[in-house]
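# Make a model of this:
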Amino acid sequence: MLVRARNITLMTTEEDRQFHASLTSALLSEDDAALATILRDARAADIAESFNLLDDEDRSRIFFALPPPTAAEVMTLIDEAVRTDV
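Prediction:
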């Protein structure tokens with residue numbers, strides 16, 4: 001499994017970049033506990049921004065790791081093109 005960023009320059013702040021780096025690290029290492037912790041403490045907007053940069057496999061892993069209310073909020077925030085792929 002590879003995490004492929006489409007355009008990491010979309011991340012606007014250092015905090016955003018650090019969040020995405022932590023998220024991709026947990027995905028690459030297949031560390032579900034770390035992924036759950038990162039997602040539990042994250043804002044839906046931050047998850048959505050990273051979600052837009054990931055491949056379909058990683059999006060699925062994130063989506064199914066989220067509590068339903070957070071997943072629903074993330075779905076409203078992701079790009080429409082990405083939303084149709086999910």
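# got a list of what D46 touches?
Contact analysis of D46 by CB atoms under 8 Å, 6 or more residues apart in numbering lists 16, 19. (C-beta placed from N, C-alpha, C; glycine too.)
# so how far is stretch 38-46 off the chain centroid?
8 Å (CA atoms, centre = their mean, to the nearest Å).
# separation between the residue positioned nearest the centre of the chain and D16?
What sits nearest the mean C-alpha location of the chain, by CA atoms, centre = their mean, is F51, with 3.7 Å. Taking CB to CB, to the nearest Å as the measure, F51 falls 13 Å from D16.
# Ok, S50 next?
8 Å.
# do E49 as well
6 Å.
# who has more neighbours, the two?
Neighbour count, other CB atoms under 10 Å: between E49 and D16, E49 has more, with 20 against 16.
# so what pLDDT did the more buried one get?
Per-residue confidence for E49 comes out at a pLDDT of 89.
# How about D79, nearest residue that isn't a chain neighbour?
N52 (5.1 Å; CB to CB, 6 or more residues apart in numbering).
# any idea of the pLDDT on T76?
On the pLDDT scale, T76 gets 91.
# do the same with P68
So P68 comes in at 92 (pLDDT).
# And for it, the neighbour number?
7.
# Could you tell me how far the helix or strand where A72 lies lies from the centre of the chain?
Using DSSP states H and E, A72 falls within helix 68-77. Distance, stretch centre to chain centre, for helix 68-77: 12 Å (CA atoms, centre = their mean).
# One more: stretch 34-47?
8 Å.
# And the residue nearest to the centre of the chain, how far from A34?
17 Å.
# about what we covered before: by contact count, what packs against the helix or strand just after the helix holding A72?
Once helix 68-77 ends, the next helix or strand along the chain (criterion: DSSP H and E) is helix 80-85. Contact partners of helix 80-85 among helices and strands, from 3 or more CB pairs under 8 Å, 6 or more residues apart in numbering; DSSP states H and E: helix 56-65.
# and the angle from the helix it packs on to helix 68-77?
140 degrees (axes from the mean of the first three to the mean of the last three CA atoms, to 10 degrees).
# Perfect, I'm done here.
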